[in-house]
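J.: Predicted coordinates and the sequence they were generated for:
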Amino acid sequence: MAPLPRRRVVWFALALACACGPKSPAETDTTDSPDTPSGPGTTGGTTLVETTSTTGGNPSTAGSTAPNPTTANPTTTSDSGETTDTTGTPFITPLDFGGPGCPRISFCDPWSQNCPPDEKCAPSDGGCDVFTLTVCDEVPSQPVPIGGTCKSQGRPLSGRNDCELGATCWFIDPATLIGTCVGLCHGSPEAPDCSHVPGTACVLVHDGLDAPLCLPTCDPFEPTCPAGHHCHPSALTPELFACTPDASLGAAFEPCGKADCAAGLLCSEPGAAAVECAPDTNCCTPLCDLGAPDCPGAGQVCLPYYEMGQAPAGLEDVGRCGLQ
């Protein structure tokens, strides 16, 4: 492969050095270093602004959305391990950060799986403890199918694992690095599709399009989600409740931004939420059971979450506390 132009190599090296700071020798592989145009979901008269984001990086505490289109150009890998597009330029979104010192970089597109033959596109943390990039990795000789037991290499969110093409390792035990292969969403952020994994919905984790995972659907009144996850509407498909990675869990009537609310709460727009919420501020408000309505806010009533006749089977009694 022809060497990269010196100016471009220097710029990329400086960008990563400034953003992530010094790294240990084990974390200097740039192929393992480095959310969604989804409008708020409106359900039952109240606009839900919560997404599936998180401040934690462990898959048990992982998940959300922020506009960050990934680049879908073909990729190549140099002898030094640097992954670039066909023009020799890494995919970098310099103004969109996954967290302090963690620039969001996309080396491939998990939606279209545009890596070279015999490789797969997978989300990775690049050593930042949250998914901030995507990497091309070899498809193993004996790939583990969706639903099978997998093992992550090096650390829980490295993106290197033995799952099949179109899947990645999740629900990982950080001590053993053992987890379960989950499918990546098909389609696009505008039309996400998890029909290839029945009983799941598309959930975006760690503030970006880098990790669109098909996670189990659930009943918010039946706590069946794995540890570190709670039942919450999917940001891309708010009509479906899915096991969403926990975020920094806000209590009722506390301000919220994305998936900042605790289990059983929604991040709702001001005005229709509760008088206890700060003016002009989104805040956490409870879900409620239409069969046994109970809302804590002054003047709040239990309103249907779904429009008449639109509730999935088993979720007909799901409501939201709000003001009429």
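T.: On my side now, so go ahead.
J.: can I assume R160 is in contact with Q153?
T.: Yes. If you go by CB atoms under 8 Å, R160 and Q153 touch, sitting 3.8 Å apart. Every C-beta, even on glycine, is put in place using the N, C-alpha and C of the backbone.
J.: Comparing those two, which shows the higher neighbour count?
T.: Legend: neighbour count by other CB atoms under 10 Å for R160 and Q153, higher for R160 (21 against 13).
J.: Distance-wise, check that one relative to K151.
T.: To K151, R160 is 10 Å away according to CB to CB, to the nearest Å.
J.: What of D294?
T.: Applying CB to CB to D294 and K151 gives a distance of 45 Å.
J.: More neighbours: those two, which one.
T.: More crowded of D294 and K151, by other CB under 10 Å: K151, with 16 against 10.
J.: Could you point out the helix or strand that follows the helix or strand harbouring that one?
T.: Element membership of K151, judged by DSSP states H and E, is strand 149-151. Later in the chain than strand 149-151, the nearest helix or strand by DSSP H and E is strand 167-170.
J.: got the residue ranges for the strands in the stretch 51-200 of the chain?
T.: 75-77, 83-85, 92-99, 102-106, 119-124, 133-138, 149-151, 167-170, 178-183, 186-187, 192-193, 200-204 (DSSP state E, counting those that start in this stretch).
J.: Looking at the first one now, give me its mean pLDDT.
T.: Going back to what we said before, that points to strand 75-77. Average pLDDT, strand 75-77: 37.
J.: Same check on the fifth one?
T.: Model confidence over strand 119-124, given as mean pLDDT, is 94.
J.: Over to the fourth one?
T.: Per-residue confidence for strand 102-106 averages out to 77 on the pLDDT scale.
J.: Can you list the strands that that strand pairs with?
T.: Under the criterion DSSP bridges, strand 102-106 sits next to strand 92-99 (antiparallel), strand 133-138 (parallel) in its sheet.
J.: How about the fifth one?
T.: Using DSSP bridges, strand 119-124 pairs in its sheet with strand 133-138 (antiparallel).
J.: pLDDT on the partner strand, on average?
T.: 92.
J.: got the buried residues for that strand?
T.: Under the neighbour-count criterion of 16 or more other CB atoms under 10 Å, strand 133-138 has L133, T134, V135, C136, D137 buried.
J.: and if you look at stretch 192-203?
T.: P192, C194, V197, T200, A201, C202, V203.
J.: try stretch 110-127
T.: Within stretch 110-127, the residues that count as buried by 16+ other CB under 10 Å are 110-111, 113-115, 119-127.
J.: That stretch: end-to-end distance?
T.: Start-to-end span of stretch 110-127 (CA to CA, to the nearest Å) is 19 Å.
J.: Could you do stretch 138-154 as well?
T.: End-to-end for stretch 138-154, by CA to CA: 15 Å.
J.: Can you give me the buried ones in it?
T.: Buried-residue list, stretch 138-154, by 16+ other CB under 10 Å: V139, P143, V144, I146, C150, K151, S152.
J.: likewise stretch 239-255?
T.: Going by neighbour count (16+ other CB under 10 Å), the buried part of stretch 239-255 is 239-248, 250, 252-254.
J.: Equivalent analysis for stretch 179-194, please.
T.: Those would be G179, T180, C181, V182, G183, L184, C185, H186, S188, P189, P192, C194, for stretch 179-194 by 16+ other CB under 10 Å.
J.: Distance-wise, check D173 relative to G228.
T.: Taken as CB to CB, the span from D173 to G228 is 11 Å.
J.: give the contact list for the residue nearest to A211 when sequence neighbours are not counted.
T.: Spatial nearest neighbour of A211, excluding adjacent residues (CB to CB, 6 or more residues apart in numbering): P123 at 3.7 Å. The contact partners of P123, by CB atoms under 8 Å, 6 or more residues apart in numbering, come to P110, F131, L133, T134, L157, G159, T168, V205, H206, D210, A211.
J.: least confident pick among these?
T.: Lowest pLDDT within the contacts of P123 is found at H206 (74).
J.: secondary structure class for that residue?
T.: Per DSSP: H, G, I helix; E, B strand; the rest coil, the secondary structure class of H206 is coil.
J.: burial count for the closest residue to it other than its chain neighbours?
T.: Closest residue in space to H206, ignoring its immediate chain neighbours: F131 at 3.9 Å, by CB to CB, 6+ apart. The number of residues packed near F131 is 32, by other CB under 10 Å.
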